[in-house]
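**Q** Sequence below, structure please.
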Amino acid sequence: MREVACAGLTGRVLEIGFGSGLNVRWYPPEVTSVTAIEPSDLGWQLSERRRAHTEVPIGRAGLDGQRLDLPDDSHDCALITFSLCTIPDPLLALREARRVVRAGGRLHALEHGLAPDESVRRWQRRLEPVQRAVAGGCHLTRNIPALVEQAGWHVEKSQQEYLPGPAASRPWTYGYRLVAG
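**A** Residues are numbered from 1 along each chain as shown. Sure, this is the predicted structure:
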């Protein structure tokens, strides 16, 4: 899934929620540098080996995707994977990414969120308070494509589906892969 999410990234990439660097191995050759936004010092430390084994220059530029200390139009693409669920104001983070990515640039996202089936959504609403408490503030009910559109992006490609697994896991496994411009 990460390989598909990273396909098509080019030039200077803003990655919000860099974490332990799980996307690094999937950067296409057209990526010239990555500006990593990662609030967790532990996550950044865990990414050290992956960063050391890539030729792509990666620099940490901030902790908070909601307030980027980066110039307007300074990046060619943005990448966000499994981070919009925990950002307190995902709309603000998506708007900041829109500001920092040049006109014609793209947002690539791989996220989980609000399921299409009402029976699953009921479980997501019931489980969300516990999920937020035990999983670092993770929300189960965010409508990712709607947030992306509200932030000024236009969804160009979208694939939505449950990840493989038992039906009982569906509140946690409805996923979105999208590209927006």
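**Q** which residues are in contact with the strand or helix carrying Gly175?
**A** Using DSSP states H and E, Gly175 maps to strand 174-180. Residues from elsewhere that reach strand 174-180, judged by Cβ atoms under 8 Å, 6 or more residues apart in numbering: 1, 4-5, 8, 106-116, 120, 144-145, 148-149, 153-163. To be clear about C-beta, it is placed using only N, CA and C from the backbone, and glycine gets the same treatment.
**Q** What's the local residue count around Asp64?
**A** By the criterion of other Cβ atoms under 10 Å, Asp64 has 17 neighbours.
**Q** Report pLDDT for the residue nearest to it when sequence neighbours are not counted.
**A** Of all residues not flanking Asp64 in the chain, Pro39 sits nearest, at 6.3 Å (Cβ to Cβ, 6 or more residues apart in numbering). On the pLDDT scale, Pro39 is placed at 92.
**Q** SS state for Pro39?
**A** The three-state assignment at Pro39 reads coil, by DSSP: H, G, I helix; E, B strand; the rest coil.
**Q** Correct me if wrong: it contacts Leu63.
**A** Yes: contact status for Pro39 versus Leu63: in contact at 4.4 Å, counting by Cβ atoms under 8 Å.
**Q** who's more crowded, the two?
**A** Pro39 (18 against 13).
**Q** And the more buried one, how close does it get to Ser20?
**A** Computed with Cβ to Cβ, to the nearest Å, the distance linking Pro39 and Ser20 is 13 Å.
**Q** Can you tell me how far the spatially most central residue of the chain is from Gln131?
**A** Among the residues of the chain, the one closest to the centroid is Ile80, at 2.0 Å (Cα atoms, centre = their mean). The spacing between Ile80 and Gln131, counted by Cβ to Cβ, is 19 Å.
**Q** What number of residues are in the vicinity of Ile16?
**A** Neighbour tally, Ile16, other Cβ under 10 Å: 29.
**Q** If I look at it, what pLDDT would I see?
**A** pLDDT, Ile16: 97.
**Q** Thought Cys77 was touching it, still the case?
**A** No: contact between Ile16 and Cys77 fails when scored by Cβ under 8 Å: they sit 11.6 Å apart.
**Q** Quick check: closest non-adjacent residue to Gly104.
**A** That would be Gly181: by Cβ to Cβ, 6+ apart, it lies 7.1 Å from Gly104.
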